[in-house]
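In: kindly generate the corresponding structure for this input.
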Amino acid sequence: MIAEIDRILMQFRGCFSRIAAFNWFVIVIIGFTVRFDSYGVTSFIRWLDMNPALYVALLAFFRADSWKLSRLLQCWWRIVLQKCPLIRIDGRCLIVGDGIKISKEAKKMPGVKKMHQESNNSGKPSYITGHHHGVIGILAGWTKKKIFCVPLKSELHEGVKKLREFQGKSAPIVDGKAKVSISTLMASMALDFISVSNINSLIVLDAYFSVGPVFQALKQAVDDAGNRLAHVITRAKKNVVAYTEPPPKTGKPGAPRKYGDKLKLMDIFAERKDQFIEASLELYGQSRPISFLCMDLMWRPVKEKIRFILVQDGEGLFILMCSDLTLSPLNIIRSYSYRFKIEVNFKVLKHVMGVFSYHFWTRVWPRLNKTENEVDITKISDPRTIRLIRQAANAVEGFANMGIIALGLLQILAMSSHQTIWEKYRGWLRTIRSTIPSEEVTRSVIQMEYIHNFRDFSNTAIYRIIKSKNRKHHDINMPMAA
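Out: Okay, the predicted model is just below:
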């Protein structure tokens, strides 16, 4: 496993202008993979048995100018497209996106603000202070075996308009105007990936993103012939309304109508119950009976037709929206059913990998008052202050995205070397649900390989880099065991 990780990591060498920076990148990725706790950068020092004097140097790496996150992610995207068996529906890849809110009590951490959490989970407080990360991933694997959401990118999303200016990031463009919001930033992340990969994709998002700017922003993704590369599938809000086609022109004075009759789509479940089509949808190896009604209607936020799928699943009622009028209703429903895979990703990123356990801060960040939701940095103009804030924000996003790359490497190994992983696995599972191991099983195999057999990989760059930074142990005469 370590040898395969070594071969993949060598592809990132061109992303770093200095060999020292690349060495630290390797340290971080391996640290994410083999550590047994999630205490930020200190856990890398501890579990890789590094010289404690190098702690400050490792912190400086995340703020260094010798590497750019955008180049690093583009290299990662190429590796994902080469190594992963992508899930396709109607010949198009599935990209899923969502946000996760991470509690952070640090008052000097850039981007920290007060946020509201809309959740039915009683364990989550209604309001927290922290970061909002937007994450996108691409689905890979096999529909009848196991599907992974391979993470592609993470970015700070809530309350970061001025912070993005400090970082030199451009604002998303919607209808020719710059618009920074959580929804447009999510669409912008998907656009960045599609512009590099140039692949036909379906962007699957939650109901929060069923707004006009998301649909309008993703219309910009086109190939050389002008054909759209990205279509949106979202769950509609319960109060969604749509319109029939406008009536034909009558020739009477006045402007013609742009929209026809107004429809409250949730009312249609009762009004047109006899028009629903019964179908059987196979998901995760099981057949599930559903009924649906497909309607192509005008949607005012985009001023064009959207395909609405009204779905009745048992007692549950929900509405799906799709910008592609040619995609079949069953494929739209099937595509949206895989959206939950990114929620599984969040669980692994947070609790297994510790991707959000960072502690980067700067003294120049203004203190957040109790009466304010976020810090006002619009009046900051001092170049040194801007530089320090930019470096701290870049460190936060760099740490999270390197953790994403580490998780993606585990998923690639799980899909390509599943037989070897099960042969080497020494743990115990009460129920094995798939022949493809999970990220946690794969990680435990690599951890044991690192602890017990690391010397077997002395010909790899990983071995040389880690050994060059190990602490020097003095020989101690230990008595022989009886």
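In: ok, F356 - contacts?
Out: Residues in contact with F356 (Cβ atoms under 8 Å, 6 or more residues apart in numbering) are 100, 102, 131, 133, 349-350, 400, 403. Heads up, the C-betas are built off the backbone N, CA and C, glycines and all.
In: relative to K262, which of those residues is nearest.
Out: Nearest to K262 out of those is I100 (Cβ to Cβ; 36.0 Å).
In: I128: what secondary structure?
Out: Assigned by DSSP: H, G, I helix; E, B strand; the rest coil, the conformation of I128 is strand.
In: hmm, I was thinking of G111
Out: coil.
In: and what of Q447?
Out: Of the three states, Q447 takes helix according to three-state DSSP.
In: now the nearest residue to M402 once chain neighbours are set aside: how far from L58?
Out: Leaving aside its sequence neighbours, M402 sits nearest to V28 (Cβ to Cβ, 6 or more residues apart in numbering; 5.0 Å). From V28 across to L58, the span is 8 Å (Cβ to Cβ, to the nearest Å).
In: quick check: neighbours shared by these two?
Out: By Cβ under 8 Å, 6+ apart, the residues touching both V28 and L58 are F44.
In: so those two - more neighbours on which side?
Out: V28 (22 against 18; other Cβ atoms under 10 Å).
In: that one should be in a strand, yeah?
Out: No - with three-state DSSP as the criterion, V28 is assigned helix and is not in a strand.
In: right, and it touches I45 too?
Out: No - counting by Cβ atoms under 8 Å, V28 stays clear of I45, with 11.1 Å between them.
In: now do the shared contacts for these two.
Out: When Cβ under 8 Å, 6+ apart defines a contact, the residues bordering V28 and I45 alike are L58.
In: can you list the low-confidence ranges for the stretch 251-400 of the chain?
Out: 284-285 (pLDDT under 70).
In: the residue nearest to L413 when sequence neighbours are not counted: what's it in contact with?
Out: Excluding the flanking residues, the one nearest L413 by Cβ to Cβ, 6+ apart is T442, at 5.4 Å. Neighbouring residues of T442 by Cβ under 8 Å, 6+ apart: 1, 410-411, 413-414, 421.
In: among the residues you listed, which are located in helices?
Out: 410-411, 413-414, 421 (DSSP state H).
In: identify the farthest-apart pair in those residues.
Out: Of all pairs in the ones in helices among the contacts of T442, the most separated under Cβ to Cβ is Q411 and I421 at 11.7 Å.
In: quick one: which of the two has more around it?
Out: Neighbours per residue (other Cβ under 10 Å) separate Q411 from I421, with Q411 holding more: 26 against 21.
In: just to check, F292 is in contact with R272?
Out: No - look at F292 against R272 with Cβ under 8 Å: they stay out of range, at 11.6 Å.
In: residues contacting the helix or strand in which P289 is found, please?
Out: According to DSSP states H and E, P289 maps onto strand 286-299. Strand 286-299 has contacts (Cβ under 8 Å, 6+ apart) with 212, 242-246, 259-260, 263, 265, 268, 272, 275-282, 304-313, 321, 325, 329-330, 333.
In: can you pull out the helices in the stretch 1-150 of the chain?
Out: Under the criterion DSSP state H, counting those that start in this stretch, helices of the stretch 1-150 of the chain are mapped to 2-9, 19-34, 41-47, 55-62, 69-83.
In: repeat for the stretch 201-350 of the chain
Out: 212-218, 265-271, 329-337, 341-347.
In: quick one on the thing from earlier: which pair of the contacts of T442 spans the longest distance?
Out: Pairwise over the contacts of T442, using Cβ to Cβ, the maximum falls at M1 and Q411, 12.8 Å.
In: distance from the chain centre to stretch 1-8, please.
Out: Chain-centre distance of stretch 1-8: 23 Å, with Cα atoms, centre = their mean, to the nearest Å.
In: average pLDDT across that stretch?
Out: On average, the pLDDT along stretch 1-8 is 92.
In: what's the answer for stretch 212-224, then?
Out: 91.
In: distance between the ends of that stretch?
Out: End-to-end distance for stretch 212-224: 25 Å, by Cα to Cα, to the nearest Å.
In: could you dump the contacts of T442 into CSV and include distance to A53?
Out: Below are these laid out as CSV (distance: Cβ to Cβ, whole Å):
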residue, distance to A53
M1, 30
L410, 30
Q411, 35
L413, 33
A414, 36
I421, 36
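In: out of the residues you listed, who's nearest W77?
Out: Of all the contacts of T442, W77 sits closest to Q411, with 14.2 Å by Cβ to Cβ.
In: for the residue lying closest to that closest one once chain neighbours are set aside, give me its contacts.
Out: Spatial nearest neighbour of Q411, chain neighbours left out: F148 (4.5 Å); criterion: Cβ to Cβ, 6+ apart. Applying Cβ under 8 Å, 6+ apart to F148 gives the contacts 84, 139-141, 341, 411, 414-415, 439.
In: A230 versus F148, what's the distance?
Out: Separation of F148 from A230 (Cβ to Cβ): 21 Å.
In: so the nearest residue to V352 once chain neighbours are set aside is in which element?
Out: Of all residues not flanking V352 in the chain, E440 sits nearest, at 5.4 Å (Cβ to Cβ, 6+ apart). Remark: E440 resides in helix 439-453, with elements defined by DSSP H and E.
In: how much space is there between the closest residue to E4 other than its chain neighbours and V302?
Out: Distance criterion Cβ to Cβ, 6+ apart; nearest residue to E4, sequence neighbours excluded, is L413 at 6.3 Å. Taking Cβ to Cβ as the criterion, L413 is separated from V302 by 41 Å.
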